[in-house]
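Engineer: sequence and predicted structure below; questions after.
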Amino acid sequence: MAGGITQAEYWNGEVGTRWARNQAVLDAMFVPLTEALFARAGLAPGETVLDIGCGAGATTLEAARWVGPAGSVTGADISAPLLAVGRERAEAEAPASVSLRFVEADVETADLGRFDHVVSRFGVMFFADSARAFANVRRMLRPGGRMIFLCWRPLAENLWVGVPRDAVLPLLPEVPPPQPDTPGPFRFADADPLVALLRGAGFDAVTCDALDRDIVLGQGETDAAAVAAATHVALNLGPSSHLVREAAPDLRARAEAAVAAALRRHAAGGAVRLRAACWLVQAG
């Protein structure tokens, strides 16, 4: 992380608080991807599930719906602000009979029990040591257990990130590329090293299937309102938000105008829709 900040510091600081405040927006945006993840996961009543990087709990609650009162679900994350939202949502949304817990823990090292399934929606790309983390996950899977997760394919294929990013970059000094094999959203964009990593961690059957969905970056009663909402997401919650997070007010204003102009071309019917490109990874 920039300035030597750790992932725990990052997700327990202003970013984690901002994501917690906007959890409903993020969950709505990722609905098509969440549906695809659970359609493939094959969870069954009575099973035990670990949700890695559970954030504000949307995927943990969804897993609980699949396994029912005879099963149990553990949501693990390093962000206390996001976990607090997850616990509040569980009290309001989860049936009292469901066994569900949220744990502040780093899955790279923690022993959280034994599970039939491990799931994750974009939570596995941020480990300090991916090999160690996946080996630890493998140890927590019961014999015959499976892990399934979503991670992003290359940035160039993810228009929901690339369109606003390309609008902002001309306003900034040269942005250095991310260092290879460091925590970040596009860490596993290349499937071949990821498959090798998982096999090295003890997984035998590994598949990476391309998953593409159009996601709603912003919506409103009018296209103009949808563009405003999408611009907010791009510059405050998306992977490129760090580019202008500490920008001077005049640069921030120019960035907002540029992003809005770029997103306006994708607005129709009160929504801004852009392509999201993922890997749907299964390992057992």
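Structural biologist: Received, thanks.
Engineer: make sure Ala189 is indeed in a strand.
Structural biologist: No - with DSSP: H, G, I helix; E, B strand; the rest coil as the criterion, Ala189 is coil rather than part of a strand.
Engineer: give me the nearest residue to it, chain neighbours excluded.
Structural biologist: Pro154 (4.3 Å; Cβ to Cβ, 6 or more residues apart in numbering). To be clear about C-beta, it is placed using only N, CA and C from the backbone, and glycine gets the same treatment.
Engineer: same question, Thr60
Structural biologist: Gly75 is the one closest to Thr60 (Cβ to Cβ, 6+ apart), at 3.5 Å.
Engineer: can I assume that neighbour is in contact with Gly57?
Structural biologist: Yes - between Gly75 and Gly57 there is a contact under Cβ atoms under 8 Å: 5.9 Å.
Engineer: what about Ala261, how many neighbours?
Structural biologist: 12 (other Cβ atoms under 10 Å).
Engineer: that one touches Ala167, doesn't it?
Structural biologist: Yes - assessed by Cβ under 8 Å, Ala261 is found in contact with Ala167 at 7.0 Å.
Engineer: shared neighbours, those two?
Structural biologist: Counting by Cβ atoms under 8 Å, 6 or more residues apart in numbering, Ala261 and Ala167 have no common neighbour.
Engineer: ok, back up a step: find residues that contact each of Gly75 and Gly57.
Structural biologist: With Cβ under 8 Å, 6+ apart, Gly75 and Gly57 have common neighbours Leu83, Gly86, Phe102.
Engineer: most neighbours, which of these?
Structural biologist: The residue in those with the most neighbours, by other Cβ under 10 Å, is Gly86 (27 neighbours).
Engineer: surely that one and Thr59 touch.
Structural biologist: No - using Cβ under 8 Å, Gly86 makes no contact with Thr59, being 9.7 Å away.
Engineer: what touches both of these two?
Structural biologist: Gly75.
Engineer: which parts of the chain are strands?
Structural biologist: Along the chain, counting by DSSP state E, strands occupy 48-52, 72-77, 99-104, 115-121, 141-152, 206-219, 267-268, 271-283.
Engineer: go through the last one and flag the buried ones.
Structural biologist: Going back to what we said before, that points to strand 271-283. Neighbour-count burial for strand 271-283 flags Ala271, Val272, Arg273, Leu274, Ala276, Ala277, Cys278, Trp279, Leu280, Val281, Gln282, Ala283 (criterion: 16 or more other Cβ atoms under 10 Å).
Engineer: centroid residue for the chain?
Structural biologist: Residue closest to the mean C-alpha point of the chain, counted by Cα atoms, centre = their mean, is Phe122 at 3.1 Å.
Engineer: list the contacts of it.
Structural biologist: Counting by Cβ under 8 Å, 6+ apart, Phe122 touches Phe30, Gly53, Phe149, Leu150, Cys151, Trp152, Pro185.
Engineer: could you rerun that using 10 Å?
Structural biologist: By Cβ atoms under 10 Å, 6 or more residues apart in numbering, Phe122 lies in contact with 30, 33, 37, 52-53, 55, 59, 149-152, 185, 278.
Engineer: what do you get for Asp212?
Structural biologist: With contact set as Cβ under 10 Å, 6+ apart, Asp212 has these partners: Pro32, Leu33, Ala36, Arg153, Glu157, Asn158, Arg275, Ala276, Ala277, Cys278.
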